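1. sequence and predicted structure, then a few things I'm wondering about:
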Amino acid sequence: MLLALVLFALSALVLRYQSADCDCHVPAWAYVAAAGQTLPVAARRRAPFAVNVVVAPSAFIYGLAAWPAPPAPLGALTAIHAAAAYARRWQAALVLGVAVVMVPAVLLGREAATTFIEVAYTWLIIVVAWLLGVVSRYRLRALKDAVTRQDSQHRLLKAEAGRAAAEERARIAREMHDLLTHSVSGMVVLAEGGAAASADAHPSSSAIFDSISLRGRRTLHELRGMLAVLRHEDGADTGSRPDADAGEERRPLPGLSDLPALIEAVREAGMEVTLSGVVESHMSPAAQLAVYRVAQESLTNALKHATGSPVKVLVAEDHSGVRLEVSNPLPSGSAFTGRGRGHGLRGMRERAASVGGRVHIDHTDDVWSVELVVPQVQRG
């Protein structure tokens, strides 16, 4: 648009001042013809051929009238350049042919004498403008091809990075399987053997071994579920454990409904825990797993750093989402400051962020509290 306005202003100034110098009368519609061969070039990139269809008649009329004009028909030349750069090939060739034919028709149609030099000069600047448009066409095509190649390379690199990440996840899954699940399986077997050996002599010891065995089996189930996610095996996205051993029940990953069982296991370890609020929700499995893990980590911290202290667990649900709060008093002289640098606290924050929630950890008046809020958007 700016170029079109500049060309029109230049043509209008030439009409105004050169007509005053030659003391010749220029009618008002001369400015209309000047506008017709300059202002349409504002759309030269969107509709180059249509612009030439409008500009050519205006330039023809303007040239025949022999009104004062710039040394070169700038509007027409700009339209010819645009046709060569942006229009279809046959349209560009047609524009060039019409322009070449119009030049002698305009010059010879004037009352003033016309020489071959004037015709050749006008042809030359038209051909130069058209050739510059052809050069622009090939430059634009080369730029577009370069962008396309860059996009293709980016997609290839992204696919390669995804493939490498998948291979790394599979490798980590294999290592974790060998290191963790086999070790935990051995612990479960030893616990079951200890329970069988002490069943008669030490009944209380047998109960302890049974508890260890039960927790070990639960841990195995959860580890297999996490490994399935790493491997992207079938069922990993649904929260199920597809790689359970033959004969084992396929259970979903833990959620809000598993909180009572988690709290009961902590009670068996000697902690006084009270649970209040809802334990059922329609949240997505991922969000419920996040709530469960935060509660599990909070109870584990209480078990390690506040042994014997009563723990309160509150689960509340309203229009804003689900809120979990775990609080307990810290015993005097406890070295646990909870500044958030441990893996457990960082893991809780990451769990919350993964489902759009947030974790607030507070340590005031010798009371340690963890509050998790998961927004309502996580409801399934």
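-> That came through, no problem. Numbering: from 1, shown residues only.
2. endpoints of stretch 261-275, how far apart?
-> Start to finish, the residues bounding stretch 261-275 are 11 Å apart (Cα to Cα, to the nearest Å).
3. name the residues that touch it?
-> Applying Cβ atoms under 8 Å, 6 or more residues apart in numbering, the set of residues contacting stretch 261-275 from outside is 211, 215, 254, 259-260, 292, 295-296, 299, 302-303, 307-313, 315. (Glycine included, C-beta is placed from N, CA and C.)
4. how about the strands in the stretch 1-150 of the chain?
-> Per DSSP state E, counting those that start in this stretch, the stretch 1-150 of the chain has no strands. Nothing in it meets that criterion.
5. try the stretch 251-380 of the chain
-> According to DSSP E, counting those that start in this stretch, the stretch 251-380 of the chain carries its strands in the segments 273-277, 311-318, 321-329, 358-364, 367-375.
6. with mean pLDDT as added columns, please give those in CSV.
-> Below are those laid out as CSV (pLDDT from 0 to 100):
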stretch, mean pLDDT
strand 273-277, 89
strand 311-318, 89
strand 321-329, 89
strand 358-364, 86
strand 367-375, 90
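7. ChimeraX command for the buried members of the contacts of stretch 261-275?
-> With 16 or more other Cβ atoms under 10 Å as the criterion, this ChimeraX line picks the buried residues out of these:
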select :215,254,259,292,295,296,299,302,303,309,311,312,313,315
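8. give me the three-state assignment for the residue nearest to the spatial centre of the chain.
-> Centroid-nearest residue in the chain: residue 158, 13.6 Å away (criterion: Cα atoms, centre = their mean). Classification of residue 158 into helix, strand or coil gives helix, according to DSSP: H, G, I helix; E, B strand; the rest coil.
9. any idea of the mean pLDDT for stretch 331-340?
-> Regarding stretch 331-340, the rounded mean pLDDT is 58.
10. can you tell me which of the contacts of stretch 261-275 are in helices?
-> Here DSSP state H is the test, and the contacts of stretch 261-275 give 211, 215, 259-260, 292, 295-296, 299, 302-303 as lying in helices.
11. residue 319 contacts residue 376, correct?
-> Yes. If you go by Cβ atoms under 8 Å, residue 319 and residue 376 touch, sitting 6.4 Å apart.
12. who's more crowded, the two?
-> Set side by side, residue 319 and residue 376 show more neighbours around residue 376, with 13 against 5, by other Cβ atoms under 10 Å.
13. list the contacts for that one?
-> The neighbours of residue 376, taking Cβ under 8 Å, 6+ apart as the test, are 319-321.
14. what is the neighbour count of residue 30?
-> So residue 30, with other Cβ under 10 Å, has 20 neighbours.
15. my guess is it meets residue 15, correct?
-> Yes. Residue 30 lies in contact with residue 15 (Cβ under 8 Å); the separation is 6.0 Å.
16. can you pull out the low-pLDDT segments for the stretch 101-250 of the chain?
-> Counting by pLDDT under 70, the stretch 101-250 of the chain contains low-confidence ranges at 107-115, 174-186, 188-190, 192, 195, 197-208, 224-250.
17. now do the helices in it.
-> In chain order, the stretch 101-250 of the chain shows helices spanning 116-176, 182-197, 203-231, with DSSP state H, counting those that start in this stretch as the criterion.
18. need these in a markdown table (columns: distance to residue 36).
-> Formatted as a markdown table, those follow (distance: least, Cβ to Cβ, whole Å):
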| stretch | distance to residue 36 |
| --- | --- |
| helix 116-176 | 18 |
| helix 182-197 | 85 |
| helix 203-231 | 68 |
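19. so of these, which one's packed in deepest?
-> For the helices of the stretch 101-250 of the chain, the largest average neighbour count (mean count of other Cβ atoms under 10 Å) is found in helix 203-231, namely a mean of 17.
20. so who does residue 256 touch?
-> When the contact criterion is Cβ under 8 Å, 6+ apart, the partners of residue 256 are 278-281, 283, 288, 291-292, 315, 322.
21. the domain parsing of this protein - what is it?
-> The record's domain parsing of the chain by automatic domain parsing lists 2-114, 272-378.
22. quick one, phi/psi of residue 44?
-> Phi and psi for residue 44, reported as degrees, to the nearest 10, are phi -70, psi -30.
23. number of residues surrounding it?
-> Around residue 44 there are 25 other residues, counting by other Cβ under 10 Å.
24. quick check: it vs residue 271, distance?
-> Noted for residue 44: a distance of 79 Å to residue 271, by Cβ to Cβ, to the nearest Å.
25. and if you look at residue 278?
-> In this structure, residue 278 lies at 22 Å from residue 271, with Cβ to Cβ as the measure.
26. repeat that for residue 364.
-> In this structure, residue 364 lies at 22 Å from residue 271, with Cβ to Cβ as the measure.
27. and if you look at residue 259?
-> Spatial separation of residue 259 from residue 271 under the definition Cβ to Cβ is 14 Å.
28. try residue 4
-> As for residue 4, its distance to residue 271 is 80 Å (criterion: Cβ to Cβ).
29. what's the answer for residue 35, then?
-> Noted for residue 35: a distance of 88 Å to residue 271, by Cβ to Cβ.
30. likewise for residue 211?
-> In this structure, residue 211 and residue 271 are 14 Å apart, going by Cβ to Cβ.
31. same thing with residue 127?
-> To residue 271, residue 127 is 92 Å away according to Cβ to Cβ.
32. can you check residue 170 too?
-> Residue 170 sits 38 Å away from residue 271, going by Cβ to Cβ.
33. give me the pLDDT for residue 67.
-> Residue 67 is assigned 63 on the pLDDT scale.
34. just to revisit the earlier point, who has more neighbours out of residue 364 and residue 271?
-> For residue 364 versus residue 271, the count of surrounding residues by other Cβ under 10 Å is larger for residue 271: 19 against 7.
35. how deep is the closest residue to residue 44 other than its chain neighbours tucked in, by neighbour count?
-> By the measure of Cβ to Cβ, 6 or more residues apart in numbering, the closest residue to residue 44 outside its immediate chain neighbours is residue 82, 3.5 Å from it. Burial measure for residue 82: 26 neighbouring residues, criterion other Cβ under 10 Å.
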